[in-house]
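pasting a predicted model and its sequence here:
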Amino acid sequence: MAGEIFDRLVALLTDAKAKFRVIEHAAEGKSEAISAIRGNRPDQAAKAMVLDVRGGGGGKRPVLAILPGSRKLDFAAVAALFEARKCGFASPETAQELTGCVMGAVPPFALNPALSIVVEQDLLANDTLFFNAGRLDRSMELDTKDWIAVAKPRVARIAARA
């Protein structure tokens, strides 16, 4: 399944004429470690997390939150953004079912229409983004403007203050 997600990403970005490159490396899913392997700053890494947002008018819904690799999520900010009572991590099983990826390999794209996508606006200050591309042994570097055009994320302040 991981190869399928990687192939879908390559096709999606190629069709969009996005500027990207594939980086092959040893399998790694932790933000700090993979940034060191790829040679990017942790704040250039697009860390993707599947969340369960619950309560309020929308019931329960899955959200894909994208943060700089060096930052932590502000759960209350995400809950407020979606007018929900609570926000927490989706179970690993739910996250894998929704994304087709193991934890640490989830790319910053909502390839499943059930997922809403939101990004921390500070991440967009980078010219390019780095992320695991559906596999723990494949990453991509992608032009940030191309990512915005293809992913169409909602932009907000969702990272906890340091």
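Alright, I've got the coordinates.

for the rest of this, base every contact and every neighbour count on C-alpha atoms.
OK.

can you pull out the helices in the chain?
Assigned helices in the chain, in chain order: 2-15, 31-38, 75-81, 92-99, 144-151 (criterion: DSSP state H).

flag every buried residue along the longest one.
By neighbour count, and taking 16 or more other C-alpha atoms under 10 Å as the criterion, the buried residues in helix 2-15 are 2, 5-6, 9-10, 13.

which of the helices of the chain sits closest to residue 108?
Proximity to residue 108 (C-alpha to C-alpha) singles out helix 144-151 among these, at 7.7 Å.

output the below-cut-off pLDDT ranges for the protein.
1-2, 57-58, 162 (pLDDT under 70).

would you map the strands across it?
Under the criterion DSSP state E, the chain contains strands at 20-24, 46-54, 60-68, 86-89, 116-120, 128-135, 138-143, 154-156.

direction included, what does the third one pair against?
Spelled out, it's strand 60-68. Sheet partners assigned to strand 60-68 using DSSP bridges are listed as strand 46-54 (antiparallel), strand 116-120 (parallel).

adding mean neighbour count and distance to residue 158, write those out as JSON lines.
Formatted as JSON lines, the strands paired with strand 60-68 follow (neighbours: other C-alpha atoms under 10 Å; distance: least, C-alpha to C-alpha, whole Å):
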{"stretch": "strand 46-54", "mean neighbour count": "24", "distance to residue 158": "12"}
{"stretch": "strand 116-120", "mean neighbour count": "23", "distance to residue 158": "5"}
